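>>> what follows is a protein structure lacking sequence information:
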């Protein structure tokens with residue numbers, strides 16, 4: 001298997017882990033499954049066998065002939081040559097209106113791809129993703145821990161997260177230097193905390209975590225121009241939300257951050 005370092009490719013080999021991943025998804029006949037980065041088709045073959053409608057997105061032109069030939073006889077398989085960071089997933093799956101995602105994501109782009117998938121939550125119901133173990137630990141982290149940060153808060157705001165199992169380096173070729181984990185993310189019908197303006201809430205999260213070692217007061221004060229308010233307004237908002245200005249962002253729950261966002 002020829003892997004390209006520039007694309008962060010590490011291909012799953014053997015049947016054990018692909019079988020476990022697809023079993024955890026349990027695709028139903030005729031539902032739409034998006035697979036990002038099918039590679040040599042280890043997961044794809046199992047997904048297609050479930051009779052789900054599989055839309056596979058592959059960026060590597062060198063893999064296209066193999067995938068095209070390998071699944072040519074399957075009417076429930078469609079190959080899209082594209083960059084997952086650029087596609088509109090909701091348009092891609094039409095005429096279907098909803099889909100689930102399965103992916104062994106290249107680790108160097110896993111975070112931006114996940115953020116883009118969340119942006120398409122109108123049509124994506126669930127994601128089962130292979131990620132670097134440390135990334136999954138960040139997703140699952142609780143407020144107050146050192147792993148909890150902007151990415152943790154963003155994913156938990158929109159998703160219910162469940163870690164399924166670890167995958168050792170030996171399950172890939174070439175063998176990576178990191179361990180992997182499978183995480184299942186179900187998109188919430190409504191966000192985890194009630195906010196007046198979701199876009200504003202996300203911008204507030206970014207500001208609060210701009211410099212992790214600084215207090216929420218210092219980070220807010222540095223970003224007051226972004227929120228079009230002065231320091232007096234910030235202090236009143238913090239007081240009304242019952243938040244100590246000397247706390248750090250990683251100690252705030254989503255509900256506390258939402259209170260602050262709604263005050264501002």
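Arrived safely, thanks for sending. What you see is a predicted model, and the numbers here were worked out from it, not measured in a lab. Numbering: from 1, shown residues only.
>>> where do the helices sit along the stretch 101-250 of the chain?
Secondary structure of the stretch 101-250 of the chain (DSSP state H, counting those that start in this stretch): helices located at 110-119, 133-140, 150-158, 198-208, 216-222, 231-240.
>>> can you tell me the average pLDDT over the first one?
So the one you mean is helix 110-119. Helix 110-119 carries an average pLDDT of 94.
>>> if we go by neighbour counts, what in it is buried?
Going by neighbour count (16 or more other C-beta atoms under 10 Å), the buried part of helix 110-119 is 110-111, 113-114, 116-118. Heads up, the C-betas are built off the backbone N, CA and C, glycines and all.
>>> swap in the second one?
Neighbour-count burial for helix 133-140, with 16+ other C-beta under 10 Å as criterion, is recorded at 135-140.
>>> do the third one as well
Residues of helix 150-158 classed as buried under the neighbour-count rule (16+ other C-beta under 10 Å) are 150-158.
>>> next, format these as a markdown table and append pLDDT and distance to residue 235.
Formatted as a markdown table, the buried residues of helix 150-158 follow (pLDDT from 0 to 100; distance: C-beta to C-beta, whole Å):
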| residue | pLDDT | distance to residue 235 |
| --- | --- | --- |
| 150 | 96 | 23 |
| 151 | 95 | 28 |
| 152 | 97 | 27 |
| 153 | 97 | 23 |
| 154 | 97 | 26 |
| 155 | 97 | 30 |
| 156 | 98 | 28 |
| 157 | 98 | 25 |
| 158 | 98 | 30 |
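>>> which among the residues you listed gets closest to residue 226?
When those are ranked by distance to residue 226 (C-beta to C-beta), residue 150 comes first, at 15.0 Å.
>>> residues contacting the closest one?
Contacts for residue 150 were tallied using C-beta atoms under 8 Å, 6 or more residues apart in numbering; they are 205-206, 208-209, 249.
>>> show the buried residues in those residues.
Among the contacts of residue 150, the ones that count as buried by 16+ other C-beta under 10 Å are 205, 208-209, 249.
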